[in-house]
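Asker: Sequence first, then the predicted structure, then my questions.
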Amino acid sequence: MSNTTVTRPARMTMHAIVQNRYGTSEVLHPAQIERPDIGADEVLVQVRAAGLSRGTWHLMTGKPYLMRLMGFGLRRPKNPVAGQDVAGVVAAVGPGVSRFQPGDEVFGIAAGSFAEYAAAKQDKLAHKPANLTFQQAAVVPISASTALQGLRDAGHVEAGQKVLVVGASGGVGTYAVQIAKILGAEVTGVASTSKLDLVTSLGADDVIDYTREDFADGARRYDLILDIGGNTSLPRLRRALTPGGTVVIVGGEEGGNLTGGFGRSVRAPLLSMFVGQRLAMLVSKEHHSYLDDLNPWLASGHVTSAVERSYPLSETAAAMRHLESGAVRGKIAITI
């Protein structure tokens, strides 16, 4: 009787940025791990670039704690590989995938995009516009889709309306300024002194330096306010609205570690039932249809990505520290 040893083929590995616990940027570290498997309706993307967003920061820190109860992992991240936004080349497709084939250049959302390869559901990917670099495409998906949904779907923006974008120099805000202009609005952007020129360069008709002016002093009123990650109280936002105007809350950074800005988002539609103004919260969806809507604007150059800086994968923790500093103008890309 022979003692035959069966040798199983080795799984292919890749470089990735992983975290085994919640915390500051120090929890992010490079590792050599196995490439992800893909399901029937999934695509394996060879990552060329990934986007760094505030949402990625929340997933890193595990704050607000409410998000842990929503399925992201109670004690540690459910998915140890960081990153969400992705741009790259299709390496393989599952048997149920009909929209892509190996070699296609794509961009979209993939859990674990801070790696050489990432698995993504086909309905969260779109074909990358040929004129965009991978870095420019990688920062689009979550931020630009959120801006589009906030303005068009939740805000019901109309041509000729006066729109105020609070947080206009950030990831979502830079796209919101451009999209609002395309949709025919008169746009005012709120940002800090050093970022006003960026907001103006993106097409804003007017800018407000929040360190020197109060946009909610009642002197000016807007038909639609898109409040991105702000901490302005609902009464103050209402003072800047026309009597029949709309506020759309896109996240928030106040409210403590338990609920963060979610508390303000929940209060907004409740208050809306008792006042003439419309106060809405945005629950952003992840689907390729939003990228498909954005693609013509990206291809024509009417919407551009304000990429301030790109970091190599090995310096992802440094990129996150830069994001935490609050000094970022626009978006940060991670290159692989």
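Answerer: Okay, I see it. Numbering: from 1, shown residues only.
Asker: How about residue 237: what's its closest non-neighbour residue?
Answerer: Ranked by Cβ to Cβ, 6 or more residues apart in numbering and with sequence neighbours excluded, the top spatial neighbour of residue 237 is residue 247, at 5.0 Å. Heads up, the C-betas are built off the backbone N, CA and C, glycines and all.
Asker: Neighbouring strands of the host helix or strand of the one you found in the sheet, and parallel or not?
Answerer: Per DSSP states H and E: residue 247 is located in strand 241-250. Partners of strand 241-250 in the sheet, by DSSP bridges, are strand 222-228 (parallel), strand 278-281 (parallel).
Asker: Report all helices and strands that the helix or strand following the last one contacts.
Answerer: Remark: after strand 278-281, the chain's next helix or strand is helix 288-300, criterion DSSP H and E. Packing contacts for helix 288-300, counted by 3 or more Cβ pairs under 8 Å, 6 or more residues apart in numbering; DSSP states H and E, involve strand 105-109, strand 125-127, helix 141-148, helix 171-182.
Asker: Save these as a markdown table, and put in mean pLDDT and mean neighbour count too.
Answerer: A markdown table is the format used below for these (pLDDT from 0 to 100; neighbours: other Cβ atoms under 10 Å):
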| stretch | mean pLDDT | mean neighbour count |
| --- | --- | --- |
| strand 105-109 | 98 | 26 |
| strand 125-127 | 98 | 23 |
| helix 141-148 | 97 | 26 |
| helix 171-182 | 97 | 27 |
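Asker: closest one to residue 41 among these?
Answerer: For residue 41, the closest of the helices and strands packed on helix 288-300 is strand 125-127, at 10.9 Å, according to Cβ to Cβ.
Asker: Name the next helix or strand downstream of that closest one, please.
Answerer: Following strand 125-127 in sequence, per DSSP H and E, is helix 134-138.
Asker: what about that following helix, distance to the chain center?
Answerer: Put simply, helix 134-138 sits 13 Å off its chain's centre (Cα atoms, centre = their mean, to the nearest Å).
Asker: That helix - what's its average pLDDT?
Answerer: Across helix 134-138, the average pLDDT comes to 98.
Asker: Please identify the most buried of the strands paired with strand 241-250.
Answerer: Highest mean neighbour count of these: strand 222-228, a mean of 26 (counted as mean count of other Cβ atoms under 10 Å).
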